[in-house]
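Asks: need coordinates for the following:
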Amino acid sequence: MDPQLLKRIVEAALLASGQPMSVAQLLALFPEEQPVSSGEIGQALHALAEDCAQRSIELVEVASGFRLQVRQEIHPWITRLWSERQTRYGRAVLETLSLIAYRQPITRGEIEQIRGVAVSTQVIKTLEEREWIRVIGHRDVPGKPALFGTTRGFLDYFGLKSLDQLPPLAQINDIPDLEPQLPLHAADEQPETQTPGIALAHLDSEPATDPEAVTDMPLDNADEASGPATTTTEQPTS
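Replies: Below is the predicted model:
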């Protein structure tokens with residue numbers, strides 16, 4: 001296939017898709033009588049990335065594949081397209097998510113030991129409903145507490161290809177001034193925060209809308225225990 005046409009098809013597919021697309025998904029767009037190779041798709045993606053170098057959008061690779069998104073420096077203007085108030089998350093949600101991201105696999109009891117307060121059920125529910133965390137196994141101790149890990153959706157949301165791209169913890173202590181970055185294809189949705197390479201912290205700019213999501217309980221209310229042995233059914237997303 002003509003490389004220019006292939007590049008245009010790939011660009012259109014990424015623009016039309018509501019999710020990142022993998023090379024396999026892009027290959028599936030082409031019928032058997034007009035096949036293309038993964039190498040050709042790779043070349044088209046490389047050419048598209050070069051085309052975007054001087055544009056207001058960029059091609060990025062995240063855990064689920066490739067996507068086109070608005071550049072961070074353009075965000076202050078583009079965010080005016082949305083009048084709805086963005087969801088903000090409280091400290092309890094952010095600290096719990098951070099601990100799961102950096103210490104996974106980890107139990108609720110272990111999170112409570114580190115934070116010094118019990119983790120509200122609503123905090124875990126919020127993160128699971130957002131599809132940022134999931135149960136990846138159970139620790140082999142009495143009670144078999146669930147082990148939590150992050151999901152591929154967590155990596156996609158924060159613009160990461162793998163957990164190896166999480167910044168050192170020392171780099172996310174001072175975060176109030178971080179600006180979010182918006183996905184290009186979200187014009188019909190509430191904008192989501194995207195800051196590739198800088199995870200978690202920029203969400204904590206306002207109190208959470210759900211009071212229970214930010215309520216800490218005394219640690220003696222914790223309902224799970226931690227232990228030294230681990231038995232997992234899956235590996236955390238990487």
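
Asks: domain assignment for this structure?
Replies: Domains of the chain are assigned by automatic domain parsing as 3-80, 91-232.

Asks: and Val135, how close does it get to Arg115?
Replies: 19 Å (CB to CB, to the nearest Å). Where C-beta positions appear, they are placed from N, C-alpha and C, glycine not excepted.

Asks: and if you look at Leu163?
Replies: In terms of CB to CB, Leu163 sits 21 Å off from Arg115.

Asks: secondary structure element for Ile111?
Replies: helix 108-115 (DSSP states H and E).

Asks: the protein: helices as residue ranges?
Replies: Listed in chain order, the helices of the chain (DSSP state H) span 3-16, 23-27, 38-51, 75-78, 91-103, 108-115, 121-129, 152-157.

Asks: closest to Pro142 out of those helices?
Replies: helix 108-115 (11.3 Å; CB to CB).

Asks: packing partners for the closest one?
Replies: helix 91-103 (3 or more CB pairs under 8 Å, 6 or more residues apart in numbering; DSSP states H and E).

Asks: give the rounded mean pLDDT of the helix it packs on.
Replies: Mean pLDDT, computed over helix 91-103, is 92.

Asks: tell me the buried residues in it?
Replies: Ala92, Val93, Leu94, Glu95, Thr96, Leu97, Ser98, Leu99, Ile100, Ala101, Tyr102 (16 or more other CB atoms under 10 Å).

Asks: relative to helix 121-129, how tilted is it?
Replies: Using axes from the mean of the first three to the mean of the last three CA atoms, to 10 degrees, the inter-axis angle of helix 91-103 relative to helix 121-129 is 60 degrees.

Asks: and the angle from helix 91-103 to helix 108-115?
Replies: Angular relation of helix 91-103 and helix 108-115 on a 0 to 180 degree scale: 110 degrees, by the same axes, to 10 degrees.
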